[in-house]
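J.: Sequence and predicted structure are below.
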Amino acid sequence: MERRKLLRGLAGVGLSSLMAPVAPLTNGNPWLSRTLGAHRGMGGTAQAASIGPDSLQNASAAERAASEPVVPDLAIARDMPPEELVKAALEALGGMGRFISKGDKVIVKPNIGWDRTPEQAANTNPVVVRTLVDLCFGSGAKEVIVIDNTCNEARRCYTRSGIAKAAEEAGAKVRHTDDKKLKEMKLDGDVLKKWSVYSDFVEADKIINAPIAKHHSLARLSLSMKNWLGAIGGRRNQLHQKLDECSVDLAAFFKPTLTVLDAVRILKANGPQGGNLKDVEKIDTLATGIDQTTIDSFGATLFGLKGEDLACVKVAVKRGFGEPDLTKIEIAEV
């Protein structure tokens, strides 16, 4: 695949106003099937607003391609307050309306695993979660549920992280996982053939994966793929023997509509639980995309690594899931 150009300075462009709502090019990728619609090149109708249909009809294929706004594969926002990071990154990606439709039942899946404050960077930033809920409702969602299977005691995690309050203020239903809702599901993964999954996730119309970027003592980093362990029950510690393979199995099963990587603060050591503020760096960054392999490859760069340095990315690439090479994709930076 040829190297594509890097797009910068889109914050003031209003990209979503220049294009028809489009869904990503799936190319048969099993991770992308929840998002409906067509991408340009796959029967889509995205085109520059200033170019009339008659002109496009008479233009050459190259001219038509040049007139269409670029739909980035990855959008990165930096150096703004958390709420603005979310809005800017999603605007560059085409807007929340590209992913969420009127009447959708949506799950926002943050990391709420630990009894830690936002400043300790063990859980997803609560303002990021609140903003995602707001944007979902603004795009017509009927219901938004925020849920995670925590590691520490659930009530303390939901409260101390600030996520319960933030999500409820935005109108979300904040749920703790209930083992009565566990259902053994066929995952058909390379390692996980069957496992107990919380039915909340399989009953939703759309899922937004909203992990925080942080160090992990076993997986090296905890990013989008690792975040799916919070959607299952059972004896999750058993999965640590093949944690990266299991993370990929789960990522392929849940197929999120959208992934939002919170890097407002990153935990650089002693993860996944952390606790020492000396291990935290505030970098005010957020990335949005669809391909979890791409997201995790970008997340690795925040820690001075490459995607290929992460075992989960290597496993995903071996299975044909996603693009790890950031030079081969469209990137919008705002």
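T.: Received the coordinates, thanks.
J.: Is Cys136 part of a helix or strand, or is it coil?
T.: helix (DSSP: H, G, I helix; E, B strand; the rest coil).
J.: OK, contacts around it?
T.: Listed by C-beta atoms under 8 Å, 6 or more residues apart in numbering, the contact partners of Cys136 are Met96, Ile100, Asp104, Val106, Val108, Val144, Ile208. Placement of C-beta: from N, CA and C, glycine included.
J.: Check what pLDDT the first one gets.
T.: Note for Met96: predicted pLDDT of 98.
J.: same check, this time on the fifth one
T.: The confidence metric pLDDT takes the value 98 at Val108.
J.: number of nearby residues for it?
T.: Using other C-beta atoms under 10 Å, Val108 is surrounded by 29 other residues.
J.: returning to that earlier point: just the ones of the contacts of Cys136 in strands?
T.: Among the contacts of Cys136, DSSP state E puts Val106, Val108, Val144, Ile208 in strands.
J.: need these in CSV with distance to Ala252, can you?
T.: Shown next, in CSV, are the ones in strands among the contacts of Cys136 (distance: C-beta to C-beta, whole Å):
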residue, distance to Ala252
Val106, 20
Val108, 20
Val144, 24
Ile208, 17
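J.: Which of these ranks first by neighbour count?
T.: If you count neighbours using other C-beta under 10 Å, the busiest of the ones in strands among the contacts of Cys136 is Val108, which has 29 neighbours.
J.: quick one, what contacts that one?
T.: Val129, Leu132, Val133, Cys136, Val144, Ile145, Val146, Ala167, Ala172, Ile208, Ala210.
J.: List the buried residues in the host helix or strand of the second one.
T.: Meaning Leu132. According to DSSP states H and E, Leu132 maps onto helix 126-138. Buried residues in helix 126-138, defined by neighbour count with 16 or more other C-beta atoms under 10 Å: Pro126, Val127, Val128, Val129, Arg130, Thr131, Leu132, Val133, Asp134, Leu135, Cys136, Phe137.
J.: One more: stretch 198-217?
T.: Within stretch 198-217, the residues that count as buried by 16+ other C-beta under 10 Å are 198, 200-201, 204-216.
J.: Quick check: mean pLDDT of that stretch?
T.: In this model, stretch 198-217 has a mean pLDDT of 97.
J.: Could you do stretch 265-275 as well?
T.: pLDDT averaged over stretch 265-275 gives 97.
J.: From start to finish, how long is that stretch in a straight line?
T.: The straight-line separation of the ends of stretch 265-275 (C-alpha to C-alpha, to the nearest Å) is 13 Å.
J.: same deal with stretch 203-216?
T.: Start-to-end, stretch 203-216 (C-alpha to C-alpha) is 30 Å.
J.: If we only consider the buried residues of helix 126-138, which is nearest to Leu258?
T.: For the buried residues of helix 126-138, the residue nearest Leu258 by C-beta to C-beta is Leu132; the value is 8.8 Å.
J.: now that closest one: how far from Trp114?
T.: 20 Å (C-beta to C-beta, to the nearest Å).
J.: ok, now Ser139?
T.: 30 Å.
J.: More neighbours: these two, which one.
T.: More crowded of Ser139 and Trp114, by other C-beta under 10 Å: Trp114, with 24 against 20.
J.: Quick check: phi and psi on the more buried one?
T.: Backbone torsions of Trp114, given as degrees, to the nearest 10, read phi -130, psi 150.
J.: And it, how close does it get to Gly322?
T.: Note on Trp114: its distance to Gly322, by C-beta to C-beta, is 28 Å.
J.: what ranges of the protein fall below the confidence cut-off?
T.: The chain contains residues with pLDDT under 70 at 1-69.
J.: Between its first and last residues, how far does stretch 174-190 reach?
T.: Using C-alpha to C-alpha, the end-to-end distance of stretch 174-190 comes to 33 Å.
J.: rewinding a little: among the buried residues of helix 126-138, which one lies nearest to Thr257?
T.: Cys136 (10.4 Å).
J.: For Thr294, grab the count of nearby residues.
T.: The local packing of Thr294 (other C-beta under 10 Å) involves 26 other residues.
J.: what's the answer for Gln241, then?
T.: Gln241 has 10 neighbours, counted by other C-beta under 10 Å.
J.: wait, what's in contact with it?
T.: By C-beta under 8 Å, 6+ apart, no residues touch Gln241.
J.: And Lys282, by the same measure?
T.: Going by C-beta under 8 Å, 6+ apart, Lys282 touches Val264, Arg265.
J.: Just the element for it, please.
T.: Using DSSP H and E, Lys282 falls within strand 280-289.
J.: Just the buried positions in that strand, please.
T.: Residues Val280, Thr285, Leu286, Ala287, Thr288, Gly289 are the ones in strand 280-289 that count as buried (16+ other C-beta under 10 Å).
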